[in-house]
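A.B. asks: coordinates only, sequence not included:
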């Protein structure tokens, strides 16, 4: 199963950052800013190994975008075959996922919520219904909410309350129910707090 369904705050505490973007994780990190488990406090002692740092960066990216290990590895392998910097290619592929773009556009509060909305078939890409969260968008693609979905209370609340600033590579319509991929994301436009070079080093061993 590619979608993580366990305790989210536990993952965030283990990796030291808010992975899923929920309020509960913020509270958990404030109250217990150390890894979970009986020996969570003591684990912070000493310097972490190189492997542990690499593994943590990979887990941050994998859980943030909601991928299984197999899916994540596949994206890395594709990124390594393309021209350019492997780590940056990998992050660009992740950013261009349909569920992530829906989240970035402010239509969903979290990436898991965006994934669910896409899974339920609430979006069209260039006029055709797409219900695959991993669908990779291209420059010029137009993503729009289907008419019935645009009236959902959840979607209306997200659009009205979140007020999330979309990245410059997305152009969101005034109605906030449609957005266009006007460019491909560059590294400085990707705000996931990961050091992608450590992920590359981990997989290239």
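C.D. replies: That came through, no problem. Predicted model only: the values in this text are computed from it and were never measured.
A.B. asks: quick one, domains of this structure?
C.D. replies: Following automatic domain parsing, one finds the domains of the chain at 8-93+192-203, 97-184.
A.B. asks: report the separation between residue 76 and residue 91.
C.D. replies: 11 Å (CB to CB, to the nearest Å). Quick note: C-beta positions are derived from backbone N, CA and C, even for glycine.
A.B. asks: my error: substitute residue 66 in the last question.
C.D. replies: From residue 66 to residue 91 the distance is 15 Å (CB to CB).
A.B. asks: distance of the residue positioned nearest the centre of the chain from residue 133?
C.D. replies: With distances taken as CA atoms, centre = their mean, residue 65 lies nearest the centre of the chain, 3.1 Å away. Applying CB to CB, the value for residue 65 to residue 133 is 10 Å.
A.B. asks: pull up the overlap in contacts between those two.
C.D. replies: Common contacts of residue 65 and residue 133 (CB atoms under 8 Å, 6 or more residues apart in numbering): residue 97.
A.B. asks: double-check that residue 124 belongs to a strand.
C.D. replies: Yes - Residue 124: assigned to a strand according to DSSP: H, G, I helix; E, B strand; the rest coil.
A.B. asks: the top helix by length along the chain: which residues count as buried?
C.D. replies: Determined from DSSP state H, the single longest helix within the chain is helix 50-65. By neighbour count on 16 or more other CB atoms under 10 Å, the buried set for helix 50-65 is 54, 55, 56, 57, 58, 59, 60, 61, 62, 63, 64, 65.
A.B. asks: I'd like the next helix or strand past it.
C.D. replies: On the C-terminal side of helix 50-65, the closest following helix or strand by DSSP states H and E is helix 69-81.
A.B. asks: mind giving me the packing neighbours of that next one?
C.D. replies: helix 50-65, helix 86-95, helix 196-203 (3 or more CB pairs under 8 Å, 6 or more residues apart in numbering; DSSP states H and E).
A.B. asks: wait, which of these is closest to residue 152?
C.D. replies: For the helices and strands packed on helix 69-81, the distance to residue 152 is smallest for helix 50-65, at 23.8 Å, taking CB to CB.
A.B. asks: just want the angle from the closest one to helix 86-95.
C.D. replies: Interaxial angle of helix 50-65 relative to helix 86-95 (axes from the mean of the first three to the mean of the last three CA atoms, to 10 degrees): 20 degrees.
A.B. asks: now the helices for this structure?
C.D. replies: So, for the chain - with DSSP H - the helices run 8-15, 23-31, 50-65, 69-81, 86-95, 98-104, 111-119, 153-157, 196-203.
A.B. asks: quick one on the thing from earlier: which residues does the residue nearest to the centre of the chain contact?
C.D. replies: 72, 94, 97, 100, 111, 192.
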